[in-house]
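**Student:** Sequence plus the predicted model coming up.
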Amino acid sequence: MRRFRSDFLHELESRGYIHQVSEPEALDELFLRERVTAYVGFDCTADSLHVGHLVSIMMLRILERTGHRPIALVGGGTTKVGDPSGRDESRQLLSEEQIERNKAGLRRSLGKFLDFEKGSVLLLDNAEWLDELRYIPFLREVGTHFTINRMLTFDSVRLRLEREQPLTFLEFNYMIMQAYDFLQLARRWNCRLQMGGSDQWGNIVNGIELARRIDGRHLFALTTPLITTASGQKMGKTAAGAVWLNADRLPPFDYYQFWRNTEDGDVGRFLRLFTELPLAEIERLEKLEGAELNEAKKILAFEATALCHGREEAEKAAAAARALFERGATPREGLPVVELDRARLAQGIPVIELFQLAGLVPSNSEARRLVRARGARLNNRLVEDETMVVDLGALEDGALELAAGKKRHVLVRPV
RNA sequence: GGAGGGGUGGCCGAGCGGUCAAAGGCAGCAGACUGUAAAUCUGCCGACGAACGUCUACGUAGGUUCGAAUCCUACCCCCUCCA
């Protein structure tokens, strides 16, 4: 008894990806009938995607796996405008150079999950059509189909106005740009469906509307639920910041640890959303009780890390974690590495500073507190003297292993 | 334009001349317990410093005072009511 007959929608539905769909039956019909092109847009606001984007990325993978054609659209053009959705303040305007850098970072993030080389998965940039727009012709073609009356009712602008927060004319145009994207993709690639987070519903519907009015096209929308943790937090937002997908932002070991530390109540849901294990397997895993559930968490962590960083990195991270938490040995392979100037170490560096250089604490005071709280370890030995100075003599196997608390470990290597 | 209220640490929020680096809560960090979970308990939680302590910080800029987050003046911003 399935609600959807098409593989794609059925798969999404059974793994918990669907929040809203426009015309479910018609879309299902479409997926049964033909190879469908669908897209997700990603703004270039940072130089890496993070786990918050993962749901969308996974959908593109499923789309491909079920025989359809995914488009990952990078917002090289729209980022110059800035999406006001869910924000009380204007985004800071990014320079063109910054956007270019971010774009390159996004390509790397996406490239980990989607293979753009073989041609069945497309990577496009909306700067391609947005940069070229001419104001008056654009207003005449597109602007006539939007009424201000209606635009004011969309959450993205309404909420801002209700809170009496300024909304610039630039930002006000964002939804038009995004609608226009959908129109362009429909025309150029016969793209029929746009997917995104639940906050994108309004923007997507605008695109559907626009394409219907101008071209008489029939397009669809599908949004994913906002993923929160069992204790109600927005997922992937730790206090330390976002959980990044690019390794230069967050080492694979830390990425693995993020998943390894999933709350009990989230394991099943996360396995469904963030791994590609068969559902039967997941049902078995989520039934595990008590400490047994840790096995499921390890599988979740491994699978999620393998998807993002490859199986080899996932193995290393898993091995490092195993040695660190299960045997107490010193497993260096797989730990995040920080490089340190050899000459500087030769002169001697106070431990306090060393912890700061390793990025484990933001200030000397913080490092001092860590030592006093008996949470600082050097080469697996508790650091008791905060005035201790570390030099080359402290190297073990050519490196220093620093730990802040039980979970945060770093390998400092002199170069 | 008029009247009143307010701007305090990442957030909320007390303080209303000295004992204020600023109560309390949340968030965070570490420790204990445990299953690398959750919950709970304990400690920490501006920077620099081994330490005495020093510096920076209560919207901004000045001032009064031995001494100001606290009083005065100007300015900026927010909220409520009236026009």
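**Tutor:** Ah, there it is.
**Student:** Let me see the contact set for the residue nearest the centre of chain A.
**Tutor:** By C-alpha atoms, centre = their mean, the mean C-alpha position of chain A lies nearest to A:His50, the distance being 2.4 Å. Residues counted as contacts of A:His50 (C-beta atoms under 8 Å, 6 or more residues apart in numbering) are A:236, A:242-245. C-beta: built from backbone N, CA, C; applies to glycine.
**Student:** What parts of the stretch 201-350 of chain A come near RNA strand B?
**Tutor:** A:231, A:238-240, A:257, A:260-264, A:290-291, A:293-294, A:297-298, A:321-322, A:324-326, A:350 (C-beta under 7 Å from any atom of the strand).
**Student:** Just the buried ones from these, in ChimeraX syntax?
**Tutor:** The buried residues among those can be selected in ChimeraX (16 or more other C-beta atoms under 10 Å) with this line:
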select /A:257,260,262,293,297,298,321,324
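**Student:** Among the residues of the stretch 201-350 of chain A next to RNA strand B, name the ones in helices.
**Tutor:** A:257, A:260, A:293-294, A:297-298, A:321-322 (DSSP state H).
**Student:** what domains does the record give for chain A?
**Tutor:** Using automatic domain parsing, the domain parsing of chain A gives A:7-224, A:251-326, A:337-414.
**Student:** Make TSV out of the ones you listed and add mean pLDDT.
**Tutor:** Formatted as TSV, the domains of chain A follow (pLDDT from 0 to 100):
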stretch	mean pLDDT
domain A:7-224	90
domain A:251-326	93
domain A:337-414	92
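**Student:** which residues are in contact with the helix or strand harbouring A:Glu100?
**Tutor:** Taking DSSP states H and E as the criterion, A:Glu100 maps to helix A:96-113. Surrounding helix A:96-113, the residues in contact under the criterion C-beta under 8 Å, 6+ apart are A:42, A:44-49, A:53, A:57-58, A:60-61, A:72, A:74, A:76, A:79-80, A:94, A:116, A:123, A:125, A:245-246, A:307-310.
**Student:** nearest residue to A:Arg15 other than its sequence neighbours?
**Tutor:** Take A:Arg15 and drop its neighbours on the chain: the residue closest to it by C-beta to C-beta, 6 or more residues apart in numbering is A:Arg272, 4.3 Å away.
**Student:** so the one you found makes contact with A:Ile18?
**Tutor:** No - using C-beta atoms under 8 Å, A:Arg272 is not in contact with A:Ile18, being 12.0 Å away.
**Student:** List the residues that contact A:Glu141.
**Tutor:** Contact partners of A:Glu141, counting by C-beta under 8 Å, 6+ apart, are A:Ile214.
**Student:** State the phi and psi torsions of it.
**Tutor:** Note on A:Glu141: backbone dihedrals following degrees, to the nearest 10 are phi -80, psi -50.
**Student:** The one 5 residues further on too?
**Tutor:** Summarising the backbone geometry of A:Phe146 under the convention degrees, to the nearest 10, its torsions are phi -110, psi 130.
**Student:** contacting residues for the nearest residue to A:Val142 once chain neighbours are set aside?
**Tutor:** Nearest residue to A:Val142 in three dimensions, chain neighbours excluded: A:Tyr180, at 5.8 Å (C-beta to C-beta, 6+ apart). Counting by C-beta under 8 Å, 6+ apart, A:Tyr180 touches A:129-130, A:142, A:207, A:210.
**Student:** what helix or strand is A:Tyr180 on?
**Tutor:** Short version, using DSSP H and E: A:Tyr180 is in helix A:174-189.
**Student:** Tally up the residues packed near A:Gly119, please.
**Tutor:** A:Gly119: 8 surrounding residues under other C-beta atoms under 10 Å.
**Student:** nope, A:Glu283 is what I was after
**Tutor:** For A:Glu283, the neighbour count with other C-beta under 10 Å is 12.
**Student:** Which of the three states applies to it?
**Tutor:** Counting by DSSP: H, G, I helix; E, B strand; the rest coil, the backbone at A:Glu283 sits in helix.
**Student:** Could you check how far it is from RNA strand B?
**Tutor:** 18 Å (C-beta to the nearest atom of the strand, to the nearest Å).
**Student:** who's in contact with that residue?
**Tutor:** Contact criterion C-beta under 8 Å, 6+ apart gives A:Gly268 as the residues in contact with A:Glu283.
**Student:** any idea how far it is from A:Phe113?
**Tutor:** 25 Å (C-beta to C-beta, to the nearest Å).
**Student:** coming back round to it: please flag which of the contacts of A:Tyr180 sit within helices.
**Tutor:** Short answer: the contacts of A:Tyr180 in helices (DSSP H) are A:129-130, A:207, A:210.
**Student:** Let me see the ranges of the helices in the stretch 251-400 of chain A.
**Tutor:** For the stretch 251-400 of chain A, the helices defined by DSSP state H, counting those that start in this stretch occupy A:252-260, A:267-274, A:279-286, A:293-309, A:311-322, A:342-347, A:351-357, A:364-372.
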